[in-house]
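Student: generate a structure from the sequence data that follows.
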Amino acid sequence: MLLEDKQELTIEQDLEGWVIDKCTSWRDHFESNYSEKFDEYYRLWRGQWAVQDKTRQTERSKIISPALQQAVESSVAELEEATFGRGKWFDIEDDVADQEKRDIAMLREVLYKDFKKNKIRKSVAECLINAAVFGTGIAEVVLEEEKEFQPATQPVMGGDLQAVGVNIVDKTCVKLRPVMPQNFLIDPLATSIEEALGCAVDEFVPTHLVDQLQEQGVYRNVYVGSAAPDFDIEPDKDLSVFEDDKVRLTKYYGLVPRHLLKAAQEEEEAEEVEELVAPDEDEDTYYVEAIVVIANDGTLLKAEANPYMMGDRPIVAFPWDVVPSRFWGRGVCEKGYNSQKALDAEIRARIDALALTIHPMMAIDATRMPRGSRAEVRAGKTILTNGNPAEVLQPLNFGNVSQVTFAQAAELQKMVQTATGAIDSAGISGSINGESTAAGISMSLGAIIKRHKRTLINFQESFLIPFITKAAHRYMQFNPERYPVADYKFHTSSSLGIIAREYEVTQLVQLLQTMQQDNPMYSQLIMSIVDNMNLSNREELIMSLQQANQPNPQAQQAQQAMQQAQMAFQQSQTAALQGQATESQARAKKLAAEAQAVPQELEIDRIKAITTNIKEGDADDKEFQKRLKISEQLLKEREVAVKEQGKPNADTAQVQRSNRASQPSLQPNIQETSGIGSRGPRPQGIPQGEA
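Tutor: Residues are numbered from 1 along each chain as shown. I've put the predicted structure just below:
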């Protein structure tokens, strides 16, 4: 029911009328909100003066400071160098499961070759300038059929002669056309190309281009006529308008009502209708993605459903700096606008003041001047007066211009560079050009690089990668023999810009000074420094450094032999030390065993001394007790001697305790040995007794 109500509301309107109504409302919104500011940004960047740029009514000077121009060019050059400075500015990722990598290399090289031939880098640089000036860079991805001429030879006359000629090959080309903001229309509620109802490129084109496309069958063969002048969509509004041989072409990319598209296609032949409308389209949807081309705000040249296999719109855009919930971004000119206006006012006021202080002026008594004379001051002029000239003429000036304006102009220029972030080595005095410390320079460059890196990432993700993806898909669809169809993932190979490279090289050089040349990291740092330099033979230098770092096989073998000999020598020394340690441990164990055996020998000698030559009877018992006391006294003296020597023997006390514990058992031993007939030698220190 909803679809029927919408169709009834638009049943009396044709497709071109619906598109033109949308574009007209979008243009009114653009002109009321952005057109005037964008024109002023353009004049400030070009250095063009206009009456509306006056800061005061009495201003006579028309000079415009180049501070904002320098900021725009420096910022654009930094991003362009970061993107294209290394030569390879994008790469391709394949599926992880795909082990064949040759197709990736082939596709990358073919894309590089075609992009170079179609001058994609030049178009991207123009989009960067538009983004820096107006805040948003916009481009149209154009698909064209070109004839490629290739010199060739062909044998004739049975191969006896060679004919020189040209081979003509039809080739599909994908180009990038930058679009000025006044030539681009978009849904005011959208923040990106994809979420908008639609977008349109509205511009003047030469008449012969439309005629050629009509001959090729791309556009309908209808009468177009000439376009009415419109100053608002001219690329340069300071030039006089050229009104001959041009057509206003409005190319709309977006959603349109399905029934209006079908009604427009019914005018074509039946076979063309079948090509334009796919039979499996969902008839329940009200809108359909389409491409509509209208000439001079009323002549329909083309109307078809989106023919691209991915269903994407052939427009890419990115904001220099994102403004939340808005499609149009914030560029370098908008950032430095207020500082630039203040700087221009300061310089113009100084120039106007110089006109009053430098140029000579005269105060004249008009009643004493001859009638008809011209009061001019110039070299060699004779001035006639009625009376004394000293009383009639008097030089006049308004003082001198204050020198403070120089310092004020320098500070205002610093404000422009601070606002835009476009500071180079000649920018802020005392912070970048060598008058500051190394830490201050690092902090300043770090802030600059950080702002450029932010814009670079935004440019890559919103503009560069989508364009490469769209171009690759166009080639896969319309030239599958040259470009294999597969799901590839593209990513950029952009690196640091000029300022960031200089900063990184400085840091690497400082780190290099802290290392010796024999350090393994020394050569790696040198290769990093060479890699960051913009040298013509950078790749050759890197290859030479890599070859120099590779070891010599003979030297490597000699070094390995020396290492093996050194390891063998160290092993022999270790074995010798281990043998000495084992011998020392064995000697220590032997000494410990001997030390433990000494008390036992003493005890045995004591027992022998006590029990030798003792007979049965009371006299022998008394003799035994006497010898026992003497032996105990000698043992105590020996213990004291051992303690005095600092070698306490814990076994001695243990022997004494064991002797006391074994004394009751000595009597049976005495009785058993009393029957021995021969006497042993008497121990030393025991006196001779009677037998």
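Student: residue 450 should be in a helix, yeah?
Tutor: Yes - Residue 450: assigned to a helix according to DSSP: H, G, I helix; E, B strand; the rest coil.
Student: number of residues surrounding it?
Tutor: 11 (other C-beta atoms under 10 Å). All C-beta spots, glycine's among them, are computed from the backbone N, C-alpha and C.
Student: from residue 484, how far off is residue 200?
Tutor: Distance of residue 200 to residue 484, computed by C-beta to C-beta, to the nearest Å: 34 Å.
Student: compare neighbour counts for those two and give me the winner.
Tutor: Using other C-beta under 10 Å, the more surrounded residue of residue 200 and residue 484 is residue 200, with 24 against 12.
Student: where's the more buried one, which helix or strand?
Tutor: Assigned by DSSP states H and E, residue 200 belongs to strand 198-206.
Student: tell me the mean pLDDT over that strand?
Tutor: Taken as a whole, strand 198-206 has a mean pLDDT of 94.
Student: for that strand, list the C-alpha coordinates in CSV.
Tutor: The C-alpha trace of strand 198-206 is given here as CSV (Å, rounded to 0.1, in the frame of the first residue of the first chain):
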residue,chain,number,x,y,z
GLY,A,198,22.3,9.9,-4.1
CYS,A,199,25.0,12.3,-5.3
ALA,A,200,25.5,14.1,-8.6
VAL,A,201,28.3,15.7,-10.6
ASP,A,202,27.0,18.9,-12.2
GLU,A,203,29.5,20.6,-14.5
PHE,A,204,30.1,22.0,-18.0
VAL,A,205,31.7,19.7,-20.6
PRO,A,206,32.7,20.3,-24.2
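Student: just checking: what are the partner strands of it?
Tutor: Strand 198-206 pairs in its sheet with strand 184-186 (antiparallel), strand 246-257 (antiparallel), by DSSP bridges.
Student: now the shortest one: how far from the chain's centre is it?
Tutor: It refers to strand 184-186. Here the centre of strand 184-186 is set off from its chain's centre by 31 Å, with C-alpha atoms, centre = their mean, to the nearest Å.
Student: please work out the average pLDDT along it.
Tutor: Mean per-residue pLDDT for strand 184-186: 95.
Student: hang on, the earlier thing: so which of the strands paired with strand 198-206 is nearest residue 476?
Tutor: The closest of the strands paired with strand 198-206 to residue 476 is strand 246-257. By C-beta to C-beta, the value is 20.1 Å.
Student: how about the CA coordinates for that closest one, as CSV?
Tutor: The C-alpha coordinates for strand 246-257 follow below in CSV (Å, rounded to 0.1, in the frame of the first residue of the first chain):
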residue,chain,number,x,y,z
LYS,A,246,29.6,23.5,-23.9
VAL,A,247,26.9,21.3,-22.4
ARG,A,248,25.8,21.2,-18.7
LEU,A,249,26.0,17.6,-17.8
THR,A,250,24.4,16.3,-14.6
LYS,A,251,25.5,12.7,-13.7
TYR,A,252,23.4,11.3,-10.9
TYR,A,253,24.5,8.2,-8.9
GLY,A,254,22.1,6.8,-6.4
LEU,A,255,18.6,5.6,-5.6
VAL,A,256,15.7,6.4,-7.9
PRO,A,257,12.0,5.3,-7.9
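Student: tell me which residues of it come out buried.
Tutor: 246-257 (16 or more other C-beta atoms under 10 Å).
Student: remind me which residues of the stretch 451-600 of the chain are low pLDDT?
Tutor: Applying pLDDT under 70 to the stretch 451-600 of the chain flags the ranges 492-505, 507, 510, 518, 520, 530-542, 545-546, 548-552, 597-600.
Student: try 80 this time
Tutor: Applying pLDDT under 80 to the stretch 451-600 of the chain flags the ranges 451-452, 486-557, 559, 592-600.
Student: quick one, strands of it?
Tutor: Counting by DSSP state E, counting those that start in this stretch, the stretch 451-600 of the chain has strands at residues 489-492.
Student: same check, this time on the chain
Tutor: Per DSSP state E, the chain carries strands over the ranges 90-93, 136-156, 161-179, 184-186, 198-206, 246-257, 287-295, 299-305, 315-319, 361-364, 393-396, 489-492.
Student: for the strand holding residue 200, buried residues please.
Tutor: Residues 198-204 are the ones in strand 198-206 that count as buried (16+ other C-beta under 10 Å).
Student: which one of these is nearest residue 217?
Tutor: Nearest to residue 217 among these is residue 201, at 21.4 Å by C-beta to C-beta.
Student: what pLDDT is listed against the closest residue to that closest one other than its chain neighbours?
Tutor: Residue nearest to residue 201 in three dimensions, not counting chain neighbours: residue 251, with 4.7 Å by C-beta to C-beta, 6 or more residues apart in numbering. Per-residue confidence at residue 251 stands at 95 (pLDDT).
Student: just use 39 as the starting number from now, easier for me
Tutor: OK, 39 is where the count begins now, so the last one is residue 289.
Student: name whatever forms a beta bridge with residue 289.
Tutor: Going by DSSP bridges, residue 289 forms beta bridges with residue 239, residue 331.
Student: thinking again about what came up before, off-centre distance for the strand holding residue 238?
Tutor: A distance of 35 Å separates the centroid of the chain from that of strand 236-244, by C-alpha atoms, centre = their mean.
Student: which residues touch it?
Tutor: With C-beta atoms under 8 Å, 6 or more residues apart in numbering as the test, strand 236-244 has contacts from 57, 60-61, 64-65, 178, 217-218, 221-225, 231, 265, 271-272, 283-294, 351, 353.
Student: in the sheet, who's paired with residue 434?
Tutor: In this structure, residue 434 bridges to residue 399 when assessed by DSSP bridges.
Student: neighbours of it, how many?
Tutor: Neighbour tally, residue 434, other C-beta under 10 Å: 11.
Student: can you tell me how far it is from residue 506?
Tutor: Where residue 506 is concerned, residue 434 sits at a distance of 69 Å (C-beta to C-beta).
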